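K.L.:
what follows is a predicted protein model with its sequence.
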Amino acid sequence: MSASNESKMVLKSKISLFLLIFSSMIGLVVMTSGNQTISCNSRCLANSIIAKKLKNAPQGDNCDVSVTITSIQYEMLSFDTKDMQMNNLIKLNLRWRDPELGWNKTINNISAILLPVDKIWTPGIVFENAIYETEKPYTSDVKVTQNGNVDHAIIVSLGVSCDISLFYYPFVVGECSVGINGWNQSGCGLTLKLPGKDNLSLIGGSEGEWMVVSVQVTNDILFENRTYLSVKLSINPFSATMTLILPSVLIMLADLVSFALPVYGGERNNLKVTLVLSLTMFLLILNDRLPSGGRCSPLLHYHFCFCLVSLVLSMVASIVLTRLALEDNIMFCRHSKSTKKKHCRMDQVEEIDAIATTKSDDLASETASLQKIVNFLENIDYKEEVTDSNEDFAERMDKICFWFFFLMYIIYFISLCIITRTEICKAQKTIPWDNDNSFDHGYWYFYNDTETYYYFY
């Protein structure tokens, strides 16, 4: 029994020694691995995260990924008035959380690392009303913290179409929308949280005649998680006033002053033709500068059309009055009576000259010669009377035309002031959104005065 107990004690001691050696080896391996992890630097840690190949979006309990836009810098590059297209440059600072990119603080005390932007998943921002869009990262690296928070910045160059009413050009104030969203389909996808007004900054603000008054983030009341940048624009009217409005007014004023020139001279007609050609040149400049047609064509188009028609009518009236001042008939294909009488008088002059050069011995011949001389002098008096009568009639008609055009311009000016004070073509705001249930794109229009919404495919 004693030998049996002794063998059992030896066996227990051997087992205890084996367990002690095994546990010591395990502790040594753990300590060794722990020391290797702690000694791993930032590049080593970054390489270990890159090796995971986390190129897909972070997946949680649902398929929704929340991305916060911490700040936005907006700049308008240019505005094409002819095509109503606004070109923008936007910088977005993004932040989201990807838990699989984080690491344990007890294993590594590094607070943040830099990872290549093309080695991890980055969100794609959708600008739904963009005509064109170019997106690139602000830097080639992203910042990742211990808890998996990622800081990333992108620069987006895009152009959007603006539905701004140019009816009162160049005195225009309107809004242009830039729909900024992540991809979201039936509650699954990317959800953006946009910053407040304190984190939205405007760079520049004046490009050509257009100026950016303000930029703000606006939420769509009809759609959940739908936001857009509302850019308020205005036009500096100085350039258009000096190059279009003022020249047209001066041309019309010169047309009125031209009535002071003699109606029977050719100087007035030459001046009016020059004024018509000058206004036509400015009309061509206007057509190259502003869009024509549409729901509300610019009022400046109608203004130039009125000025052109008025100048042409004034020119035609001046030509007709010049004809009446010289002749008693406005029919250009017929000779007037005064012309025929003129030829008759010339024949009589020739006869009188022949009579004066020849000596007459006959008393009857002398009497006939004197009668012809008397008739000639009477014809001259008649011609002067007809000419004076034509000139008087032309001058009276010229005064009537002057006062007619003068009153017409005053009535036109008053009507123009009344139209500009009313809201005939009120600007409408266009918010384009992608349909939630399909991939068809449409446009939502709502009017400020009726709060009525319409959707068009």
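P.N.:
Right, received. Where do you want to start? Residues are numbered from 1 along each chain as shown.

K.L.:
the closest residue to G148 other than its chain neighbours and V65: what is the separation?
P.N.:
The shortest distance from G148 to any residue other than its chain neighbours is 3.6 Å, reached at G102 (Cβ to Cβ, 6 or more residues apart in numbering). To be clear about C-beta, it is placed using only N, CA and C from the backbone, and glycine gets the same treatment. Per Cβ to Cβ, to the nearest Å, G102 is found 16 Å from V65.

K.L.:
between those two, who's got more neighbours?
P.N.:
When G102 and V65 are compared on other Cβ atoms under 10 Å, the one with more neighbours turns out to be V65, at 22 against 16.

K.L.:
tell me what that one is bridged to.
P.N.:
Beta-bridge pairing of V65 under DSSP bridges involves L190.

K.L.:
show me where the protein has helices.
P.N.:
Applying DSSP state H to the chain gives helices spanning 2-38, 42-50, 237-240, 246-257, 267-289, 299-326, 337-357, 363-421.

K.L.:
nearest spatial neighbour of N181, chain-adjacent residues omitted?
P.N.:
Computed as Cβ to Cβ, 6+ apart, the closest residue to N181 that is not its neighbour in sequence is V126, at 5.2 Å.

K.L.:
what's the local residue count around that neighbour?
P.N.:
Count around V126 with other Cβ under 10 Å applied: 17.

K.L.:
what does L250 give?
P.N.:
Neighbour number of L250 under other Cβ under 10 Å is 12.

K.L.:
again with P123
P.N.:
So P123, with other Cβ under 10 Å, has 22 neighbours.

K.L.:
what pLDDT does it get?
P.N.:
P123 carries a pLDDT score of 88 in this model.

K.L.:
before we move on, back to that, please tell me I have it right and the residue nearest to N181 contacts T191.
P.N.:
No. If you go by Cβ atoms under 8 Å, V126 and T191 don't touch, sitting 11.9 Å apart.

K.L.:
shared neighbours of the two, anything?
P.N.:
The contact sets of V126 and T191 overlap at G182 (Cβ atoms under 8 Å, 6 or more residues apart in numbering).

K.L.:
surely T70 meets W96?
P.N.:
No. At 10.6 Å, T70 does not count as touching W96 under the criterion of Cβ under 8 Å.

K.L.:
more neighbours: these two, which one.
P.N.:
Ranked by neighbour count (other Cβ under 10 Å), T70 and W96 place W96 first, with 20 against 14.

K.L.:
count the residues that sit near the closest residue to the more buried one other than its chain neighbours.
P.N.:
Nearest non-adjacent residue to W96, counting by Cβ to Cβ, 6+ apart: V67, 4.5 Å away. Residues lying near V67 (other Cβ under 10 Å) number 20.

K.L.:
how much space separates V67 from N147?
P.N.:
Applying Cβ to Cβ to V67 and N147 gives a distance of 16 Å.

K.L.:
now swap in G196 and tell me
P.N.:
24 Å.

K.L.:
comparing these two, which shows the higher neighbour count?
P.N.:
More crowded of G196 and N147, by other Cβ under 10 Å: N147, with 12 against 9.

K.L.:
which residues does the residue nearest to the more buried one when sequence neighbours are not counted contact?
P.N.:
Spatial nearest neighbour of N147, excluding adjacent residues (Cβ to Cβ, 6+ apart): G102 at 5.1 Å. Neighbour list for G102: V144, T145, Q146, N147, G148 [criterion: Cβ under 8 Å, 6+ apart].

K.L.:
let's see 10 Å
P.N.:
By Cβ atoms under 10 Å, 6 or more residues apart in numbering, G102 lies in contact with I49, V144, T145, Q146, N147, G148, N149, V150.

K.L.:
next: C425.
P.N.:
Applying Cβ under 10 Å, 6+ apart to C425 gives the contacts S165, L166, F167, Y168, G294, R295, C296, S297, P298, L299.

K.L.:
once you drop chain neighbours, what's closest to the last one?
P.N.:
Put plainly, it is L299. Sequence neighbours aside, F167 is the residue nearest to L299 in space, at 5.5 Å (criterion: Cβ to Cβ, 6+ apart).

K.L.:
which residues touch V217?
P.N.:
Contacts of V217 (Cβ under 10 Å, 6+ apart): 69, 72, 180, 194-197, 199-200, 227-230.
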